[in-house]
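Q: Okay, here's the prediction I keep looking at, along with the sequence it came from:
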Amino acid sequence: DAKTTQPPSMDCAEGRAANLPCNHSTISGNEYVYWYRQIHSQGPQYIIHGLKNNETNEMASLIITEDRKSSTLILPHATLRDTAVYYCIVRVPQTGANNLFFGTGTRLTVIP
Amino acid sequence: KAGVTQTPRYLIKTRGQQVTLSCSPISGHRSVSWYQQTPGQGLQFLFEYFSETQRNKGNFPGRFSGRQFSNSRSEMNVSTLELGDSALYLCASSFVAGGTDTQYFGPGTRLTVL
């Protein structure tokens, strides 16, 4: 079962930062937070993941609260191509358990 | 490095038929997972293969099966197709099974059952 809660939809103006929240209040100490996105009818695309420290890569930044009960994915300068469904997933690293539980995600619409 | 490839990209079948979908993982990746995506149920895990062995299985009927070859390529088969099997079937690969290893998805195969 998905263990995350995300708003169903959000809008963001092109060029502005998009901040996508995720609640994972029952996360355990060894669970990582992963973010994927899915542009219409394509395969999900990996964005970023983290355990407890903030992470940044060329696509986005991931901010995890100190108590790890929530996180925020930040797209610093949203473009129209960032319009997609964004999934927040918590996952226990476990050999032989490579199954991701996707929830309903957040549909981000970037507005010109 | 080439990404995950899936063939065919689109497929139309009729009820009662069977279908085989193919997935070629990223070079060097040994784990292949399969997912089904429908508007009603979202993305659901089907099964995972690692080193030609099924390591994990989701809650799907036995009509859904798969296998993995020695070169890590994988196939999934659906027998006795039902209308509800119409979906986007996604394959994902990773270097190892589990851990913090990241899964990378292919573009999917869109199956329509008439």
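A: Arrived safely. Computed from a predicted structure; not experimentally measured. Numbers count the residues shown, from 1 in each chain, chains lettered A, B, ... in the order given.
Q: Tell me if stretch A:69-80 is near chain B.
A: No. Interface with chain B: stretch A:69-80 contributes nothing (CB under 8 Å from any CB of the partner chain), its closest point being 15.4 Å away. For glycine as for every other residue, the C-beta is placed from the backbone atoms N, C-alpha and C.
Q: for that stretch, which positions count as buried?
A: Neighbour counts over stretch A:69-80 (16 or more other CB atoms under 10 Å in any protein chain shown) mark A:Ser70, A:Ser71, A:Thr72, A:Leu73, A:Ile74, A:Leu75, A:Ala78 as buried.
Q: Surely the last one is in contact with A:Asn19?
A: No. Between A:Ala78 and A:Asn19 there is no contact, the gap being 9.9 Å when judged by CB atoms under 8 Å.
Q: For chain B, which residues score under the pLDDT cut-off?
A: B:1, B:97-100 (pLDDT under 70).
Q: residues from it in reach of chain A?
A: Residues of chain B lying close to chain A (CB under 8 Å from any CB) are B:4, B:31, B:33, B:35, B:42-45, B:48, B:50, B:55-56, B:58, B:88, B:90, B:92, B:94, B:96-108, B:110.
Q: From those, list just the buried residues.
A: For the residues of chain B next to chain A, buried by 16+ other CB under 10 Å: B:4, B:31, B:33, B:35, B:42-45, B:48, B:50, B:55-56, B:58, B:88, B:90, B:92, B:94, B:97-99, B:103-108, B:110.
Q: Among the residues you listed, which are located in strands?
A: B:31, B:33, B:35, B:42-45, B:48, B:50, B:55-56, B:88, B:90, B:92, B:94, B:104-105, B:110 (DSSP state E).
Q: Turn the buried residues of stretch A:69-80 into a markdown table, including pLDDT and secondary structure.
A: Output for these, formatted as a markdown table (pLDDT from 0 to 100; DSSP: H, G, I helix; E, B strand; the rest coil):
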| residue | pLDDT | secondary structure |
| --- | --- | --- |
| A:Ser70 | 95 | strand |
| A:Ser71 | 96 | strand |
| A:Thr72 | 97 | strand |
| A:Leu73 | 98 | strand |
| A:Ile74 | 98 | strand |
| A:Leu75 | 97 | strand |
| A:Ala78 | 97 | coil |
